[in-house]
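Novice: sequence below, structure please.
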Amino acid sequence: MNSFSDIFGYIASEISRVSVLLQIATFALALISWLVLTKLFALENRRWPLEKRFKYITTFKQLANELLLLFVLRAFTLALDYVTHVAGLLFFVSGFYGLCLFSRLFIVFLKFYAPISIVSRFDICVLRPSYVIIGVLSFLSEILDLPSLLATPLIIIGGDNFSFYDFLLLLFGSYFLATGTGLPAWGLTWIAAKVLHLSKPALRAAELIVRYLIVAIGLVSILSIIGVNYTFLAAVGGGLSVGLGFGLKEVFSNFISGLWLLIEGAVRPGDVLLLESGTGEDPCEVLELGMRATTLWRDRDNVELVVPNQLFFTQQMVTYSGVRDRYRRGQVLIGVAYRHTPEQVIAILEAVAATVPRILDTPAPKGLLLRYGDSAITYAIRYWIEDPMNGIGISSQVSIAIWNAFSSHGIEIPYPQRVLHAKGVFPGAIP
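Specialist: I've put the predicted structure just below:
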């Protein structure tokens, strides 16, 4: 078999045999019978014994129809083998499906202990495609010479051949490395956390590092198996080093900064940071801390900001939800005329702040006299709030409440004033 046309012709001739067609027809009949039984029994919708007591029963009930398919397929396979003594293909299909179903049971069990998002991604992106690939290759091995098919050369460069096996290894190996390293990395870091007692930020950083190490080692191994020499790999590594020094400098800096932030734990999801903007300071909540950038959520306009990680090392950041709590102190400044006594003004400010919702009673609001200005005395009312994201809205409520209280008590908020004294008559002035 030196060409794909010979291979496909051989496959067509093998499938057209009577024994193979009979097994395909039996398989189709088994599927039809299974569909009828699923409508008749409705196993996933009916109540099972002890379902409320054991949570595992409720979870595994979702696989009832799959188990029914295995039993129906196995029964038809045994019946065909009893009648014709030719059911090798159906035995392979039913056995392979049983293996796939066992992996489904393993995934359902694993979701009780591992993060559901990681397990689901591993199931959808790794297990199911891998079983499809293994099933197709195993099916081909039943009807033709699979080693000859895999050894078929696709590209011939000099004395080296890039075979069909090399192509499949490079294609599917790269795919599985990109999508299937989450669960192994989580498992290794979970074991490390139990042994080394790692904190949550350090655990996530270790998980990402292990994931990238698995990808790097896997890619080098695939290239080595294909036959790429180490001189070429060294040249690629040198080129990447030059790229990091010039074009990828910022990307690499953000990557290292992200690792350091994860290990140190200075910035975590849920923290509230103050960012400098053209209109002042904006409180933003940390949504996700990635390897290249951090995603922040700004409440006032409901937007997500993507901030490079190195910004946290080059600029000063203020956080209101660190290790201790999320409390934040707010302040409102107000100018009052000189004719009002400070004791009266401070008492009104403190009483007003105490009536505003979402202001904490402890510590109590505190009124202060800050400075004597040209036209007014500057006072401040300082208070504490629990959620830093509500700082601007609460400040507006306090300012409105102060305005209303001053109006009812006759407290004057003066305009800036200038008093000019003329000591002589200007030449040409009109009396």
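
Novice: so where do the strands sit in the stretch 201-350 of the chain?
Specialist: 272-277, 280-289, 293-298, 303-308, 318-319, 328-336 (DSSP state E, counting those that start in this stretch).

Novice: can you put those in TSV and add mean neighbour count and mean pLDDT?
Specialist: C-beta: built from backbone N, CA, C; applies to glycine. Shown next, in TSV, are these (neighbours: other CB atoms under 10 Å; pLDDT from 0 to 100):
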stretch	mean neighbour count	mean pLDDT
strand 272-277	17	74
strand 280-289	17	77
strand 293-298	19	86
strand 303-308	14	86
strand 318-319	14	76
strand 328-336	18	91
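
Novice: and of those strands, who's closest to residue 82?
Specialist: Proximity to residue 82 (CB to CB) singles out strand 280-289 among the strands of the stretch 201-350 of the chain, at 58.8 Å.

Novice: low-confidence ranges, the stretch 51-200 of the chain, go.
Specialist: By pLDDT under 70, the weakly predicted segments of the stretch 51-200 of the chain are 51-61, 142-144, 156-160, 198-200.

Novice: quick one, which of the strands of the stretch 201-350 of the chain gets closest to residue 373.
Specialist: Residue 373 lies closest to strand 328-336 among the strands of the stretch 201-350 of the chain, at 6.6 Å (CB to CB).

Novice: now that closest one against strand 280-289, angle please.
Specialist: Angle of strand 328-336 versus strand 280-289, following axes from the mean of the first three to the mean of the last three CA atoms, to 10 degrees, is 170 degrees.

Novice: mind checking how far strand 328-336 is from the chain centre?
Specialist: 39 Å (CA atoms, centre = their mean, to the nearest Å).

Novice: list the helices and strands it packs on?
Specialist: Taking 3 or more CB pairs under 8 Å, 6 or more residues apart in numbering; DSSP states H and E as contact, the helices and strands that strand 328-336 lies on are strand 377-385, helix 391-409.

Novice: now render those as JSON lines, adding mean pLDDT.
Specialist: Formatted as JSON lines, the helices and strands packed on strand 328-336 follow (pLDDT from 0 to 100):
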{"stretch": "strand 377-385", "mean pLDDT": "94"}
{"stretch": "helix 391-409", "mean pLDDT": "92"}
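
Novice: packed most tightly, which of these would that be?
Specialist: strand 377-385 (a mean of 19; mean count of other CB atoms under 10 Å).

Novice: how far does stretch 80-97 sit from its chain's centre?
Specialist: Put simply, stretch 80-97 sits 44 Å off its chain's centre (CA atoms, centre = their mean).
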